[in-house]
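Peer 1: got a structure for you, letters missing:
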């Protein structure tokens, strides 16, 4: 298996898990927050999609799906357009409410762009430095693994929340 095939498989697993978590949930269930102030399923899926969109668009020199696909306007959140959810307060988490079909459409569009990007990579691309603000500098390969890891962690939290009694 080639590196890009491995990466495509990992992003495909994110897609399957997003679909599984969102299946059967309504807007109220997506917005439910444990203890009244934890992260909601809707916020977790939105956040992991925003981070993936932001990081891969930056690394690939692409426009984010969030803006290119008019999702920022369609979600109509009271947040800056470039916001990914990193460091959100409880109030900001609560502000991320969305219909399940729109959330799924955004996540799917991000995954489509991600898969198109990774399928076009060469082995040499993975060694390209994409972020010099870290020591050592971050290569594209490291960034992709980091995004995959982050997405799967947030999906695990969302799946756990889905199974909690309300």
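Peer 2: Structure received. Bear in mind the structure is a predicted one, so any value in this text is a computation, not a measurement.

Peer 1: can you list contacts of the lengthiest helix in the chain?
Peer 2: Criterion DSSP state H: the longest helix present in the chain is helix 140-163. With CB atoms under 8 Å, 6 or more residues apart in numbering as the test, helix 140-163 has contacts from 3, 7, 10-11, 13-14, 17-18, 20-21, 25, 29, 32, 34, 38-41, 44-45, 47-48, 51-52, 55-56, 59, 118, 121, 125-131, 138. In this view, the C-beta of every residue, glycine as well, is placed from N, C-alpha and C.

Peer 1: put the buried members of the residues you listed into a ChimeraX selection.
Peer 2: Restricted to buried positions by 16 or more other CB atoms under 10 Å, the ChimeraX selection for these reads:
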select :7,10,11,14,17,18,21,25,29,32,39,40,41,44,45,47,48,51,52,55,56,59,118,121,125,126,130,138
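
Peer 1: so for this protein, the centremost residue is which one?
Peer 2: residue 49 (1.9 Å; CA atoms, centre = their mean).

Peer 1: quick check: that residue vs residue 130, distance?
Peer 2: 19 Å (CB to CB, to the nearest Å).

Peer 1: check residue 32 too.
Peer 2: Residue 32 is 36 Å from residue 130, by CB to CB.

Peer 1: what do you get for residue 16?
Peer 2: 26 Å.

Peer 1: swap in residue 141?
Peer 2: 9 Å.

Peer 1: could you do residue 79 as well?
Peer 2: 25 Å.

Peer 1: and the contacts of stretch 97-116?
Peer 2: 8, 11-12, 14-15, 18-19, 22, 25-27, 30-31, 42, 45-46, 49, 52-53, 56-57, 62, 65-66, 69, 71, 74-75.

Peer 1: kindly report the same for stretch 64-74.
Peer 2: Contacts to stretch 64-74, defined as CB under 8 Å, 6+ apart, come from residues 50, 53-54, 57, 81, 102, 105-106, 109-110, 113.

Peer 1: distance from the chain centre to that stretch, please.
Peer 2: 14 Å (CA atoms, centre = their mean, to the nearest Å).

Peer 1: try stretch 62-75
Peer 2: For stretch 62-75, the distance to the chain centre is 13 Å (CA atoms, centre = their mean).

Peer 1: cool, stretch 122-139 as well?
Peer 2: With CA atoms, centre = their mean, you get 21 Å for stretch 122-139.

Peer 1: can you get me the start-to-end distance on it?
Peer 2: 13 Å (CA to CA, to the nearest Å).

Peer 1: for this protein, which segments count as strands?
Peer 2: Secondary structure of the chain (DSSP state E): strands located at 129-131, 138-139.
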